[in-house]
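[1] Provide a 3D model corresponding to the input given below.
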Amino acid sequence: WIIAAQASLHDKTARLEKIPLAESTLVCEALVRLVMRTRQAVLLDDASQDATFRTDPQVLARGIRSVLCLPLVSHDRLSGILYLENRLTAGAFSVGRSQVLKMLTAQVSIAIENALLYQSLEFKVAERTRDLEAANRQLQALSATDGLTGIANRRKFDATLLAEWRRSGRSQHPVGLIILYVDWFKKFNDHYGHLAGDGCLRKVAEVMSTRARREGDLAARYGGEEFAFIAPNTSIEVLMGLAQEIRQGLEALQIAHIGSAFGIVTASLGIAVMTPGAAEEPTQLIKAADEALYSAKSGGRNRVGGVS
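    Numbering: from 1, shown residues only. The predicted structure is shown next:
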């Protein structure tokens, strides 16, 4: 049960407040519950003299005199109660006025039903909108995520590197890149099978992603058995330390690899750090990291090659 105050020209916010029927100071609970139960109007010329209600605690406490209580019914459904009382005089609600109010209650009940229906539709639209936005966010996340490893995919890597490159060009802060290659991965797949190979790649991704500690760091699957790590605003010394940490982290897992010269899964890494110039493109950073990776592989693997 609610009391609603219509918004004025100066106050556009309507007020809706719950009314507890028990011990209410606004309505006579016994009268309201009678109308709720019977769905019949109750008109009392003087509640203090009425045989049924004169001993009611609320009638006595508040000195209720005239009362008109009407059910708001539409399509055989009770929408609410119109409750009017006068504490100053008896006979305040004449039969003629009561008839007018009874006719108006039909309009009020329809208005309430329409308002509730509109509110329900608004809620459903808002709920569907939230669901759609959540689905879109999930779709965007999926489109940027590698399905096997759960880290960023090549598409996300390309977009992030371009954004960081442009940002570094404006700030003139260097951007670092690590490219990781899982050593002799084809031999691993051939010997242990593709399911084991997939598990191995997921382990590599986990080692890399746990090292993405700073804002802007991104670990991504570059393609096949290659991974990449973008580290904005860094130095060659810091990036070298990070690459060694990744290499050692993978080595520490001791994943058996019969086809490796080391007997376990290892990785070769190439690093590069550049501060973008006006005519330079991020492909130059990738090329530099690739060259460093080639140096690490040709130098015996399970090592980090680096240029700046």
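[2] residue ranges with poor pLDDT in the stretch 51-200 of the chain?
    Scanning the stretch 51-200 of the chain for pLDDT under 70 picks out the ranges 140-142.
[3] which residues in it form helices?
    Per DSSP state H, counting those that start in this stretch, the stretch 51-200 of the chain carries helices over the ranges 57-62, 95-143, 154-171, 185-192, 194-209.
[4] is it true that Ile64 touches Ser48?
    Yes. With contact defined as Cβ atoms under 8 Å, Ile64 counts as touching Ser48 (6.9 Å). The way it works is simple: take the backbone N, C-alpha and C, and place the C-beta from them, glycine included.
[5] between the two, which one's more packed in?
    Higher neighbour count among Ile64 and Ser48: Ile64, with 23 against 17, using other Cβ atoms under 10 Å.
[6] wait, what's in contact with the closest residue to the more buried one other than its chain neighbours?
    Leaving aside its sequence neighbours, Ile64 sits nearest to Ala47 (Cβ to Cβ, 6 or more residues apart in numbering; 4.6 Å). If you count contacts by Cβ atoms under 8 Å, 6 or more residues apart in numbering, Ala47 has them with Cys28, Leu31, Phe53, Arg54, Asp56, Val59, Ile64, Arg65, Ser66, Val67, Glu85.
[7] dump those to JSON lines, plus distance to Ala106.
    Output for the contacts of Ala47, formatted as JSON lines (distance: Cβ to Cβ, whole Å):
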{"residue": "Cys28", "distance to Ala106": "23"}
{"residue": "Leu31", "distance to Ala106": "21"}
{"residue": "Phe53", "distance to Ala106": "26"}
{"residue": "Arg54", "distance to Ala106": "31"}
{"residue": "Asp56", "distance to Ala106": "29"}
{"residue": "Val59", "distance to Ala106": "28"}
{"residue": "Ile64", "distance to Ala106": "26"}
{"residue": "Arg65", "distance to Ala106": "27"}
{"residue": "Ser66", "distance to Ala106": "23"}
{"residue": "Val67", "distance to Ala106": "21"}
{"residue": "Glu85", "distance to Ala106": "22"}
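[8] list only buried entries from those residues.
    Burial by neighbour count, 16 or more other Cβ atoms under 10 Å: within the contacts of Ala47 this picks out Cys28, Leu31, Phe53, Asp56, Val59, Ile64, Arg65, Ser66, Val67, Glu85.
[9] for Val95, state which of these is nearest.
    Distance to Val95, by Cβ to Cβ, is smallest for Ser66 among these, at 12.6 Å.
[10] leaving out chain neighbours, which residue sits closest to that closest one?
    Counting by Cβ to Cβ, 6+ apart, Ser66 lies nearest to Ala92, which is 3.6 Å off, once chain neighbours are set aside.
[11] that neighbour touches Asn86, doesn't it?
    Yes. The pair Ala92 / Asn86 is scored as a contact, 3.9 Å apart, by Cβ under 8 Å.
[12] tell me, what's touching the two both at once?
    Arg65, Ser66.
[13] check contacts around Tyr294.
    Residues in contact with Tyr294 (Cβ under 8 Å, 6+ apart) are Gly270, Gly305.
[14] oh, and call the first residue 453 from now on, that's how I've got it
    Got it, the first residue is 453 from now on, which makes the last one we talked about Tyr746.
[15] what's the spacing between it and Trp617?
    Noted for Tyr746: a distance of 22 Å to Trp617, by Cβ to Cβ, to the nearest Å.
[16] would you say Val479 is within a helix?
    No. Val479 sits outside any helix when classified using DSSP: H, G, I helix; E, B strand; the rest coil, being coil.
[17] next one: phi and psi at it?
    Backbone torsions of Val479, given as degrees, to the nearest 10, read phi -140, psi 160.
[18] how much space between it and Arg489?
    According to Cβ to Cβ, Val479 and Arg489 sit 15 Å apart.
[19] ok, those two, which is more surrounded?
    Val479 (22 against 10).
[20] so the more buried one touches Leu536, yeah?
    No. With contact defined as Cβ under 8 Å, Val479 does not count as touching Leu536 (9.9 Å).
[21] okay, which residue is most central for the protein?
    Ala586 (6.5 Å; Cα atoms, centre = their mean).
[22] I'd like to know how far that residue sits from Ser572.
    In terms of Cβ to Cβ, Ala586 sits 21 Å off from Ser572.
[23] cool, and Arg485?
    Distance from Arg485 to Ser572, by Cβ to Cβ: 27 Å.
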